[in-house]
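J.: Model the following, please.
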Amino acid sequence: MRKRLFRCFLLLIGFAGWAWGVHAEEVKPVLVDSSDTYMLNGYVAYYEDATLKMTPEEVLAFKDEGLFTRVNGDEYVSLGYTDSYYWVVIELENTLPDYVDLFLSIPIPSINRIDLYRYGTSDSIPTLVSQTGDRLPFAQRPWPVRDFLFPIRLAGYEHSTLLFKVDKRGQNFSIKAKLGKREVILQQDIPIYGAFGFYTGIFAFALLFNVLMYLSVADRIHLYYALYILCSVILVLDEVGLAKEWLFTDVGRLHDYVKSSTGMLGCGLLIQVMQLFTNQTSANSKLYRWANYYKYLVYVLGFSPFFALMFPVNIGVEKAIFYIANISVILSLPFIAVCVVERIKRGFILGYYYLLAILPLIIGASNYILQIMGLVGEQLLKPNGITVGFAAEVVILSFALTQRYNFLKREKAQLKKENDRIRMQSVRQVFQAQEDERDRLAKDLHDDLGGTLSVIRLKVTDFQTKLDRLQPDEREAYGETIELITRACDDLREISHSLKPKFFLENGLIGTIQERLTILNRVSIINFEFVYQYTRRLDPEIELSIYRIVNELINNVVKHSCATQATVQLVETVDELVITVEDNGIGFDGHDISEGIGLNNVYSRIQYLGGRCTIDSNKNGTTIALEIPL
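T.: Residues are numbered from 1 along each chain as shown. Predicted coordinates for the structure are as follows:
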């Protein structure tokens, strides 16, 4: 029983091998008729030439021996990295008596070189009819478009074999072909040009926006992001073949490394943008140092392919560049996401925008790289993952940059508010220290020096009964002494009152100023007039600061103005208190304003209260107006 099952199993394997062999042997011709396009499923086959030495004749012999592998030429088939030549064959048979003009399109970008040989039933050897590729000038293409487009004319009932020698060494080998009439094939590219024109417009707008933002605000993030967008545009255009048509029409081998270099440099720039966007530093991120190391490594790798241009083509170097570029991109995007997540966990809310921006790029780029490495065979996003991912990332991140400015503006406002609070607190502490020191000095003067002067005056007045015995000049000296002692007591009382106004809490701002001016009118040659319209009571601390300002201005009038008349006005409005101190003195210049200690103290208190100060001074007098918000 077991032997019988084993024999059946062997028969099944043999039948499967025979069926596969029959399938491999058959390279059926495409029957050409009056159709506009032709399905190429099962009509395209390929053979790998690892020796790099096969001739078209040898390849055709292998085709006849059934050594070619058939594929669906209508679909994108990626075989991954290659360091071999590939021979692709398509057979055409005209079923019409008249000639037919067709276009055969190979919409595969970045082919180093592709040679088209044609072999008919009447030919003895294949004939080379076209040579093109990225390493040859764009003008040498059979048709000047992004695809490799070959015009084919078939005579009536002609059977012709098209044999392509494809050199994609150092890249991924992929197969796709389209066959049809010229107008139809060309029209199929119109939506593609339109789509990539649309994507290019998005990139161009984002690029211009970031360049202008950098020039206007000088924020480095816009410079790095503009460079990143430039790399992305070049990579996307090269992926669909438009870079060769629009940018690098005749650069030879340089074109081989455009995609790898722009991909790696773009990763480095994206890490730089991430660091600036999320404000990643060594103080707030454990990954900051690793991000810097990796960023500079990717920069070095991104420029290294251009050094290969100094040497002849080396397939080992080409292979290394291919895998390094793709692995760098695969590693960079998740690493960026991890860094952003770390910043989000530390409270950086805008990191969600950045994470949302790079998610489609991670999906699209991963799908794209897995495809060109031959691990998957279908694009999840159309026209391709790398283009859609870049476009979505640019749109979302450009919006996120505007939100970043709003966030920074709010953060700056909060920081300014906190700084103002701390500064005001410091000023308040300074003013409180000054008031405490004034209180101590006033107490010491009143209790110590005031008491001493009072005792001296009492002692001196004890001599009043002995005045009759004194000489006239002695009595005059005695009177002057009593007057000086009395004046010293009055001055001491005035100084003490100025340092710590007596009964300030009971009298308030208006009553204290009135008392101060009453004393000055008695002891000073200046006649002070006080006009006020003030009904409310403010916080005692604020009123005391206002009194210090007014008192400092009054002292300046007494000491420096040489005036005979002065007016102090306090006028209350809905929103502010307007204080005006005016005299008819000699005025002062701007140097006195900047150097005066008293006025600096006035400015400090006005700033503390959030007010404004205006000074008008000339030889006819001085007017100082203060506006203090209530």
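
J.: Point out where this protein drops to low pLDDT.
T.: 1-26, 377-379, 423-424, 426-455, 457-471, 473-476, 478, 490-505, 590-598 (pLDDT under 70).

J.: Geometric centre of it: which residue is closest?
T.: Nearest to the mean C-alpha position of the chain, by Cα atoms, centre = their mean, lies I221 at 3.8 Å.

J.: From what I see, that one and Y405 are in contact.
T.: No: judged on Cβ atoms under 8 Å, I221 makes no contact with Y405 at a distance of 10.4 Å. Quick note: C-beta positions are derived from backbone N, CA and C, even for glycine.

J.: so which strand or helix has the residue nearest to the centre of the chain?
T.: Assigned by DSSP states H and E, I221 belongs to helix 220-239.

J.: ok, residues contacting that helix?
T.: Applying Cβ atoms under 8 Å, 6 or more residues apart in numbering, the contact partners of helix 220-239 are 109-110, 196, 199-200, 203-204, 206-207, 210-211, 213-214, 243-244, 246-247, 255, 258-259, 262-263, 265-266, 269-270, 272-273, 276-277, 384, 386-387, 390, 394, 397, 401.

J.: List only buried entries from those residues.
T.: Among the contacts of helix 220-239, those buried by neighbour count (16 or more other Cβ atoms under 10 Å) are 109-110, 196, 199-200, 203, 206-207, 210-211, 213-214, 243-244, 255, 258-259, 262-263, 265-266, 269-270, 272-273, 276-277, 384, 386-387, 390, 394, 397, 401.

J.: Mind checking which of those residues are in helices?
T.: Judged by DSSP state H, the buried ones among the contacts of helix 220-239 include 196, 199-200, 203, 206-207, 210-211, 213-214, 243-244, 258-259, 262-263, 265-266, 269-270, 272-273, 276-277, 386-387, 390, 394, 397, 401 as members of helices.

J.: Just want to check the distance between the residue nearest to the centre of the chain and S232.
T.: 16 Å (Cβ to Cβ, to the nearest Å).

J.: what about the strands in the stretch 451-600 of the chain?
T.: Using DSSP state E, counting those that start in this stretch, the strands of the stretch 451-600 of the chain run over 527-533, 565-572, 576-583.

J.: Can I get the ones you listed in JSON lines including mean neighbour count and distance to F148?
T.: As requested, these are exported to JSON lines (neighbours: other Cβ atoms under 10 Å; distance: least, Cβ to Cβ, whole Å):
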{"stretch": "strand 527-533", "mean neighbour count": "14", "distance to F148": "91"}
{"stretch": "strand 565-572", "mean neighbour count": "17", "distance to F148": "87"}
{"stretch": "strand 576-583", "mean neighbour count": "20", "distance to F148": "79"}
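
J.: Tell me which residues touch the closest residue to F209 other than its chain neighbours, please.
T.: Closest residue to F209 apart from its sequence neighbours, by Cβ to Cβ, 6 or more residues apart in numbering: S398 at 6.5 Å. S398 makes contact with 206, 209-210, according to Cβ under 8 Å, 6+ apart.

J.: Any chance of TSV for these, columns distance to Q187?
T.: Output for the contacts of S398, formatted as TSV (distance: Cβ to Cβ, whole Å):
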residue	distance to Q187
A206	30
F209	34
N210	36
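
J.: Need phi/psi at G73.
T.: Main-chain dihedrals, G73, degrees, to the nearest 10: phi -70, psi -10.

J.: How about the one 10 residues further on?
T.: D83 has phi and psi values of phi -120, psi 30 when expressed as degrees, to the nearest 10.

J.: Now do it against G170, distance only.
T.: D83 is 7 Å from G170, where distance means Cβ to Cβ.

J.: thinking again about what came up before, I'd like to know which of the strands of the stretch 451-600 of the chain lies nearest to L179.
T.: strand 576-583 (85.3 Å; Cβ to Cβ).

J.: Sheet partners, orientation included, of the closest one?
T.: If you go by DSSP bridges, strand 576-583 pairs up with strand 565-572 (antiparallel), strand 621-629 (antiparallel).

J.: Mind checking those strands for the one nearest to L60?
T.: L60 sits nearest to strand 621-629 of all the strands paired with strand 576-583, at 95.5 Å, using Cβ to Cβ.

J.: List the contacts of V184.
T.: Taking Cβ under 8 Å, 6+ apart as the criterion, V184 is in contact with 36-37.

J.: Where does it sit: helix, strand or coil?
T.: Assigned by DSSP: H, G, I helix; E, B strand; the rest coil, the conformation of V184 is helix.
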